[in-house]
Structure formats: C-alpha cells, structure tokens
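> Build me a model from this:
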Amino acid sequence: MGNESLDVVSCSNGPNGLESLGFTNFKSLPTFPNIGAFGAVTGFGSSECGTCWNIAYTNDAGETTTLNALAIDHAGPGLINLSQEAMDTLTDGNAVFLGSVPVTAVQVDKSVCGL
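Here you go, the predicted structure:
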C-alpha cells in the first residue's frame with residue numbers, strides 16, 4: 001500500500017494536490033499510514049486536500065484511542081475511510097473484524113500532520 005501513487009486519489013495533482021508539495025506516493029506522506037478519505041474532501045483538487053484530522057474512537061469498555069490522519073481522498077458526506085493500519089491503531093488490531101466504527105473527528109492545524 002505504501003508504494004501506491006498519489007495519482008489514484010482526489011488530492012493528487014490538482015490545484016490543492018499533495019504532489020505539488022513534493023509527495024509522490026502514500027508512504028512519502030508524513031502521517032503514513034494514518035491517511036484516508038474524508039467527506040470534507042469534495043473531489044479532485046478540493047481545498048480540503050491535505051487537511052489534518054484528530055480522530056477518536058471509544059471502544060465498548062469506554063477506552064478512547066486517538067490518532068491524527070491526513071485527508072488524501074474523497075469520501076461520502078460525513079464519512080471517513082481510513083487505511084487498515086490506521087483503523088487497527090484505533091481498534092486495537094480489530095479493523096477487519098469490526099469493519100466500521102463510530103468516531104469523532106476534529107480538524108486540526110495541518111502542522112499537526114507534518115504539513
């Protein structure tokens with residue numbers, strides 16, 4: 001997954017593309033593997049490309065895990081689709097088993113994600 005070209009995502013080489021910042025593939029991004037598709041990214045070249053999000057997940061035991069992730073692609077309104085590695089971090093290795101989980105996401109300064 002890390003070698004995947006940014007050319008396959010909405011935030012590749014458009015007006016707000018990550019390639020214009022010198023990134024070429026997923027693993028070149030400073031938050032890799034904490035990357036994903038966000039509803040805030042409306043499509044190719046969206047002004048929300050490269051935004052940074054603090055994502056929190058609270059499991060059934062009431063324990064909360066957080067991570068910062070970089071928006072690199074478009075998702076449906078209100079949705080976030082993270083890499084499996086990021087989901088495994090949030091869910092203690094249970095991304096595949098759980099499939100999807102409710103999270104809260106707050107946009108933070110891009111510098112938090114290394115941009």
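> Look through the protein and tell me its longest strand.
Determined from DSSP state E, the single longest strand within the chain is strand 64-74.
> Just give the strands next to that strand in its sheet, each with its orientation.
strand 35-38 (parallel), strand 52-58 (antiparallel) (DSSP bridges).
> Contacts for the last one, please.
Yep, that's strand 52-58 we're talking about. The contact list for strand 52-58 (Cβ atoms under 8 Å, 6 or more residues apart in numbering) reads 31, 38, 64-71, 80, 82, 86, 90-91, 101-113, 115. C-beta here means a position set from N, CA and C on the backbone, and glycine is covered the same way.
> Among these, name the buried ones.
Buried subset of those (neighbour count, 16 or more other Cβ atoms under 10 Å): 31, 38, 67-71, 80, 82, 86, 90-91, 103, 105, 113, 115.
> Measure how buried the residue nearest to Gly17 when sequence neighbours are not counted is and give me the count.
Excluding its sequence neighbours, the residue lying closest to Gly17 (Cβ to Cβ, 6 or more residues apart in numbering) is Cys11, at 5.8 Å. Look at Cys11: counted by other Cβ atoms under 10 Å, it has 29 neighbours.
> Please report the distance of Cys11 from Cys52.
The gap separating Cys11 from Cys52 is 12 Å, by Cβ to Cβ, to the nearest Å.
> show me the biggest helix of the protein in terms of residues.
helix 84-90 (DSSP state H).
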